[in-house]
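*Asks:* sequence first, then the predicted structure:
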Amino acid sequence: MKTSWIAGLLIAGSLPLMAQNPNLGTAGATFLKLPTSAREAGLGQAAVSLMNGAEAVFVNPAGLASVKSVSVFAGYTPLWADVHVSHWAAAWNLGDWGVVGLSAIQLGMDDMEITTEFEQSGTGRYFGASDLMTGLSWARDWTDRFSVGGTVKLIHQKIWNESATAVAVDLGTVYHVGFRNMVIAMSMRHFGSDLKLEGSDLGKSGRPDPAGYPGSRQVDDYSTNGYPLPLFFQVGTSLRAWEMPGHLTVDVAAEVSHANDNDEMIYTGTEIGLHDFVTFRGGYVFNDPDRSWSLGGGLKFTYFGFGFRMDYAWSDHEYLEPVNRMGIGLDF
């Protein structure tokens, strides 16, 4: 009973924050908004209450408490225009000390040739751009039904000679109701400092005044503004709608997500498991002008005492090509 009150207060306390949206349309490090695994994407991102294993660190760090020994994960997503995103995570159960996790997200692209007003075909010089997030997480079962977790992470962006760095935290909870595998979960992600690009090509510089006054200078200011991180508040629930032990399971999930740079969205997803081996997934996102449907599936099996997971997801996009995501996991 005490735990249910704690879970209820945490969820209720997040609702007033979800009603506010002071920075609509402005956020930096938007690569952090992308789905982080094929399973999450296949569920239409309704995953805050379903994620477990090492990959839970990206969605709800409290899900790491489900790791019994060691879990590792790697995911890859090719996007558009030769941009790609990679995800890595590992988690270790330390017994009474809880579960510790390490994670990283890297967004990269092929180098591009520099052009100028007078050399529009290219200068022969190239520049690159990349984003990187690294995190250290901890999670623990507070009771047999209630888990908590958190992540401290460093976010770094770089383009040519300019870069920006921020520090952020994630917090999450998971509460097992005890009826039909029902779970209520909440997470807050990317709460931290602003990002501001700085480098040798930015700042203030002086040049002769075009008005021609002797000795006068005109100052050009190329400094950039700081932008907040894409702060997320997510509350979701899932339950087992149907089960034939050893043969068929059907889990359904729903989630409300609020970001500081966008309107609230509703994620819904379904996961169907057959013979504890094959999984099919589908999801739908409401109130998102860019995407709606997603589909996916996976395989899960044990070999020489190691648990293997392989997942794939397809997500549509209103204006660009659909996105394919792949991921593999290992538990031992």
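*Replies:* Received, thanks.
*Asks:* Tyr126: neighbour count?
*Replies:* Tyr126: 12 surrounding residues under other CB atoms under 10 Å. No exception for glycine: its C-beta is placed from N, CA and C like everyone else's.
*Asks:* what sits against it?
*Replies:* By CB atoms under 8 Å, 6 or more residues apart in numbering, the residues touching Tyr126 are Asp111, Met112, Glu113, Ile114.
*Asks:* also Tyr319?
*Replies:* By CB under 8 Å, 6+ apart, the contact set of Tyr319 is Asp290.
*Asks:* quick revisit: tabulate the contacts of Tyr126 (CSV), appending distance to Met265.
*Replies:* Listed next are those as CSV, based on distance: CB to CB, whole Å:
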residue, distance to Met265
Asp111, 34
Met112, 32
Glu113, 38
Ile114, 38
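*Asks:* give me the below-cutoff pLDDT ranges for this structure.
*Replies:* For the chain, the stretches with pLDDT under 70 are 1-25, 203-222.
*Asks:* out of the contacts of Tyr126, which is nearest to Pro228?
*Replies:* Met112 (27.3 Å; CB to CB).
*Asks:* circling back to that earlier point, next, format the contacts of Tyr126 as JSON lines and append secondary structure and distance to Val167.
*Replies:* Below are these laid out as JSON lines (DSSP: H, G, I helix; E, B strand; the rest coil; distance: CB to CB, whole Å):
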{"residue": "Asp111", "secondary structure": "coil", "distance to Val167": "28"}
{"residue": "Met112", "secondary structure": "strand", "distance to Val167": "29"}
{"residue": "Glu113", "secondary structure": "strand", "distance to Val167": "34"}
{"residue": "Ile114", "secondary structure": "coil", "distance to Val167": "31"}
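*Asks:* with neighbour count and distance to Gly149 added, can I get those in a markdown table?
*Replies:* What follows is the contacts of Tyr126, written out as a markdown table (neighbours: other CB atoms under 10 Å; distance: CB to CB, whole Å):
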| residue | neighbour count | distance to Gly149 |
| --- | --- | --- |
| Asp111 | 12 | 38 |
| Met112 | 14 | 39 |
| Glu113 | 12 | 44 |
| Ile114 | 13 | 44 |
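*Asks:* for the residues you listed, name the two members farthest from one another.
*Replies:* Maximum pairwise distance among the contacts of Tyr126 (CB to CB): 9.7 Å, between Asp111 and Ile114.
*Asks:* what touches both of the two?
*Replies:* With CB under 8 Å, 6+ apart as the test, Asp111 and Ile114 both reach Tyr126, Phe127.
*Asks:* wait, Arg281 sits on Gly42?
*Replies:* Yes. Between Arg281 and Gly42 a contact is recorded at 3.5 Å, counting by CB atoms under 8 Å.
*Asks:* where do the strands of the stretch 101-250 of the chain begin and end?
*Replies:* For the stretch 101-250 of the chain, strands defined by DSSP state E, counting those that start in this stretch occupy the ranges 112-113, 126-127, 129-141, 146-159, 162-176, 183-192, 198-199, 204-208, 217-221, 232-244, 248-259.
*Asks:* which of those sits most buried?
*Replies:* Stretch with highest mean neighbour count among the strands of the stretch 101-250 of the chain: strand 183-192 (a mean of 23; mean count of other CB atoms under 10 Å).
*Asks:* output the contacting helices and strands for it.
*Replies:* Strand 183-192 makes packing contacts with helix 2-18, strand 162-176, strand 232-244 when contacts are defined by 3 or more CB pairs under 8 Å, 6 or more residues apart in numbering; DSSP states H and E.
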